[in-house]
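A.B. asks: how would this look folded up:
(one chain, ligands or ions: 1)
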Amino acid sequence: MLDLRSPELLRTKAYMNGSWVEVTNTFDVHNPATGQELASVADLTVDDVRIAICAAHRAQPMWAAKTGKERAALLRRWHDLMVAHADDLAQILTAEMGKPLAEAKGEVLYGASFIEWFAEEAKRIYGDVIPGHQPDKRIVVLKQPVGVVGSITPWNFPNAMIARKVAPALAVGCTFVARPSELTPLSALAMAELAHQAGIPAGVFNVVPSTAAAEVGEEFCSNEKIAKITFTGSTRVGKILMEQCASQVKKVSLELGGNAPFIVFDDADVDAAVEGALIAKFRNAGQTCVCANRIYAQAGIHDEFVRELSDRVREFTVGNGFQDVTSIGPLINKAAFRKVEAHISDAVAKGATVKVGGSPHALGGQFYEPTVVTGMTSDMLAASEETFGPVAPVFKFETEEQAAMQANDSEFGLAAYFYTQDLNRAWRMAEQLQTGMVGINTGLISTEVAPFGGIKQSGLGREGSKYGTDDYVELKYMCFGGIQ
Ligand code: ADP
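C.D. replies: Next comes the predicted model:
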């Protein structure tokens with residue numbers, strides 16, 4: 001069981017309008033490493049969720065009327081509490097999601113960094129003054145909060161996915177209703193406890209756990225009190241939400257699937273590329289939307305790269321995230337496990353070679369062996385679908401043109417990575433890759449100071465950086481006439 005310094009962080013009721021609310025039904029949350037039941041959490045109906053939406057709607061004018069400095073102070077306090085309780089939050093996160101404890105703590109601090117960043121931004125939601133187009137005209141542009149935001153988030157970053165959305169929303173004066181993944185509601189509820197302790201007023205941040213994913217999604221889209229939906233998850237569900245928002249032309253931000261290429265050129269520092277590939281591929285057991293999904297190695301370094309990568313992958317320790325030695329935790333559920341198996345057996349059937357791993361792990365359950373597969377070709381499932389597991393599929397290529405063409409041969413466009421020592425090639429590649437983010441000689445690109453987001457079917461909008469508040473404000477321009 002969990003050994004929390006602050007047991008009040010383990011919350012199981014819904015957090016609405018500043019209170020913990022019990023409802024009739026509950027659902028169980030399980031530890032994916034052990035299958036053990038962790039908690040029974042309030043399972044809200046759409047009617048319950050509507051109450052939270054009303055609370056957020058009532059609170060919004062009061063919250064928006066505060067000065068940026070006041071909102072900043074509250075967000076800053078929330079950030080400080082998250083950092084102070086990072087060890088407890090990490091335990092809760094590892095228990096419900098499975099990632100190694102050190103990674104979980106990293107996620108908590110990463111999530112907190114967004115709250116810090118947007119606390120700072122809260123004071124700088126600047127508009128603009130535009131020289132008039134006629135002698136008597138003056139033009140002023142204001143940024144105003146969109147209103148109530150409904151958020152739907154996945155299980156792979158139960159803390160950070162919410163932090164990245166709620167922080168900019170609250171900073172500009174929006175209020176927020178969060179529906180966390182039914183697999184990982186505990187991290188969201190712990191964040192609500194700390195928001196409460198920080199003094200964030202009732203109704204400003206609400207967490208509504210529910211297994212009725214589709215119904216709550218539909219309510220968010222159709223309820224006129226909600227002005228904007230922000231979603232992270234699959235492209236499939238993103239499209240459903242976008243369609244449902246169409247009738248009210250409701251604003252949507254979508255952070256959807258990726259299929260990131262990771263390209264290693266002959267002129268790369270191969271050691272560094274292996275290091276980058278390990279991080280970009282195996283972090284969170286390969287369950288991130290910016291994970292390297294297709295690794296392209298140029299013919300000249302292909303064998304050396306595969307050898308070094310395989311040696312390092314063999315060193316991973318698979319296990320329960322609470323054990324210090326663990327570097328790869330379990331997959332989130334059986335469906336994830338089956339997808340990994342399907343991608344590997346499809347690749348092997350079409351001629352690929354398993355260099356390392358390639359089987360369920362001896363620990364059983366949802367543990368899968370970290371895997372390296374070579375001889376990949378574009379007709380294999382892993383070339384076009386996210387594997388979302390600890391599988392590194394390596395494709396061999398000959399020329400830069402081929403690499404660029406294959407990398408861009410995807411309906412997704414979230415992240416891409418490449419390794420080269422040639423500055424000209426670095427610019428050429430970075431400019432032609434059809435993705436929202438490019439890692440050049442690095443496998444780790446996520447930070448609160450940069451705009452995270454995708455193009456093509458990977459989404460709409462950006463999270464983090466000075467651009468991160470744009471998704472939560474409306475521009476209003478005022479035209480003053482008759483100025484003498
Ligand atoms: P993933 O494969 O990462 O779980 P999903 O898109 O299936 O991606 O899930 C992301 C989030 O969307 C989860 O919280 C899930 O419960 C929720 N969800 C699933 N289906 C729907 C839907 N039809 N409408 C709204 N939310 C949904």
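
A.B. asks: G300 and P261, how far apart?
C.D. replies: To P261, G300 is 18 Å away according to CB to CB, to the nearest Å. C-beta: built from backbone N, CA, C; applies to glycine.

A.B. asks: again with A277
C.D. replies: Plainly put, A277 is 12 Å away from P261 if you go by CB to CB.

A.B. asks: Then W78?
C.D. replies: Separation of W78 from P261 (CB to CB): 37 Å.

A.B. asks: can you tell me which residues contact R5?
C.D. replies: H85, D87, D88 (CB atoms under 8 Å, 6 or more residues apart in numbering).

A.B. asks: What sits closest to F412 if chain neighbours are left out?
C.D. replies: For F412, ignoring the flanking residues on the chain, the nearest one in space by CB to CB, 6 or more residues apart in numbering is N259 at 4.3 Å.

A.B. asks: pLDDT score for K476?
C.D. replies: pLDDT for K476: 98.

A.B. asks: right, and it touches L142 too?
C.D. replies: Yes. With contact defined as CB atoms under 8 Å, K476 counts as touching L142 (4.6 Å).

A.B. asks: Quick one: neighbours of the closest residue to K281 other than its chain neighbours, just the number.
C.D. replies: Closest residue in space to K281, ignoring its immediate chain neighbours: A292 at 4.5 Å, by CB to CB, 6+ apart. Look at A292: counted by other CB atoms under 10 Å, it has 29 neighbours.

A.B. asks: Tell me the predicted confidence for A292.
C.D. replies: Residue-level pLDDT assigned to A292 equals 96.

A.B. asks: Now the most centrally placed residue in the chain. Nearest residue, chain neighbours left out?
C.D. replies: Nearest to the geometric centre of the chain sits M161, at 4.4 Å (CA atoms, centre = their mean). In this structure, M161 finds its nearest non-sequential neighbour in T153, 4.1 Å apart by CB to CB, 6+ apart.

A.B. asks: do you know how far the one you found is from A213?
C.D. replies: 11 Å.

A.B. asks: Mind checking which of the two has more residues around it?
C.D. replies: T153 (27 against 14).

A.B. asks: Need the pLDDT of whichever residue of the stretch 351-484 of the chain sits closest to the ligand.
C.D. replies: Residue of the stretch 351-484 of the chain nearest the ligand, by CB to the nearest ligand atom: F388 (7.4 Å). For F388, the model assigns a pLDDT of 96.

A.B. asks: And for M1?
C.D. replies: So M1 comes in at 73 (pLDDT).

A.B. asks: and the helix or strand harbouring G238, what other elements does it pack with?
C.D. replies: Of the helices and strands defined by DSSP states H and E, G238 is found in helix 235-246. If you count contacts as 3 or more CB pairs under 8 Å, 6 or more residues apart in numbering; DSSP states H and E, helix 235-246 packs onto helix 213-222, strand 226-232, strand 251-255.

A.B. asks: what is the mean pLDDT for the shortest one?
C.D. replies: Okay, so that is strand 251-255. Mean predicted confidence for strand 251-255 is 98.

A.B. asks: Stretch 448-466 now?
C.D. replies: 98.

A.B. asks: How far off centre is that stretch?
C.D. replies: 10 Å (CA atoms, centre = their mean, to the nearest Å).

A.B. asks: for that stretch, how far is the first residue from the last?
C.D. replies: 9 Å (CA to CA, to the nearest Å).

A.B. asks: What residues sit buried inside it?
C.D. replies: Of all the residues in stretch 448-466, those buried under the rule 16 or more other CB atoms under 10 Å are 448, 450, 452-454, 456-465.

A.B. asks: And the residues you listed, which two are furthest apart?
C.D. replies: Using CB to CB, the buried residues of stretch 448-466 span at most 25.1 Å, a distance reached by E448 and Q457.

A.B. asks: Quick one: the helices in the chain, in order.
C.D. replies: For the chain, helices defined by DSSP state H occupy the ranges 46-65, 68-84, 86-97, 101-121, 160-172, 185-198, 213-222, 235-246, 270-282, 299-314, 334-349, 381-384, 400-408, 423-432.

A.B. asks: Give the other helices and strands that the last one contacts.
C.D. replies: The helices and strands touching helix 423-432, judged by 3+ CB pairs under 8 Å, 6+ apart, are helix 400-408, strand 415-419, strand 437-440.

A.B. asks: who does the last one pair up with?
C.D. replies: If I follow you right, that is strand 437-440. Taking DSSP bridges as the criterion, strand 437-440 forms sheet pairs with strand 415-419 (parallel).
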